[in-house]
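Chemist: Kindly generate the corresponding structure for this input.
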Amino acid sequence: IALWLERQGMLGTRNRILDIGCGIGRLEHALGAIAGRIVGIDISPRMIAIARRRCAGVANVEFRPTSGLDLGDFADQSFDGVLALDSFPYLVLAGVAERHFGEISRVLRPGGMAAILNYSYRASLDIDSRDINRLAHAFGMDVLVDGEMPFGSWDGTVFLIRLAGGT
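Modeler: Numbering: from 1, shown residues only. As a prediction, the model looks like this:
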């Protein structure tokens, strides 16, 4: 996953990344050396505690608890990239996926990208693709990768979107 994100241009030593639903910090641990700053958020205080221990020696990683309702703790245009690895299915089930698309477009800098790995567990790529395209366009984003499965050892479906603007 880290290599794929790097190939997409999401990572770099100056990039500030938000990970929605960071869990126990596996991704942060893997990305720490190739991203500028990573902020992981999760609704589980226990997961946050484990993530903090796992990444204790990684200086550019921070973990924060969140309500899961929005990204209100973050300023407008404060991130170059947003990651959501297996977290959107829960946002879809909770009925807050659209709100999170709006929030992602708000916290991304112009030209910033968001990678959504597994949008839902509905088992319909067509429905997921329609949702992603509708929401992305509603919030000024373009879909760059539309439901691909680029990982040989994992069947995750990937959507990559970019906020308009930037270079």
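Chemist: Show me where the protein has its strands.
Modeler: In order along the chain, the chain carries the following strands (DSSP state E): 16-20, 37-42, 61-65, 79-85, 108-117, 141-148, 158-163.
Chemist: Which strand residues bridge the most centrally placed residue in the chain?
Modeler: When the chain is reduced to its mean C-alpha position, the closest residue under Cα atoms, centre = their mean turns out to be Leu83, at 1.6 Å. Using DSSP bridges, the bridge partners assigned to Leu83 are Asp19, Ala115.
Chemist: what's the distance between it and Ile24?
Modeler: Relative to Ile24, Leu83 is positioned 15 Å away (Cβ to Cβ, to the nearest Å). C-beta: built from backbone N, CA, C; applies to glycine.
Chemist: quick revisit: doesn't Gly23 make contact with the residue nearest to the centre of the chain?
Modeler: No - under the criterion of Cβ atoms under 8 Å, Leu83 lies out of contact with Gly23, with a separation of 11.4 Å.
Chemist: Now do the end-to-end distance for stretch 65-73.
Modeler: Taking Cα to Cα, to the nearest Å, the span from the opening residue of stretch 65-73 to its closing residue is 10 Å.
Chemist: can you tell me the average pLDDT over it?
Modeler: Along stretch 65-73, the predicted confidence averages to a pLDDT of 92.
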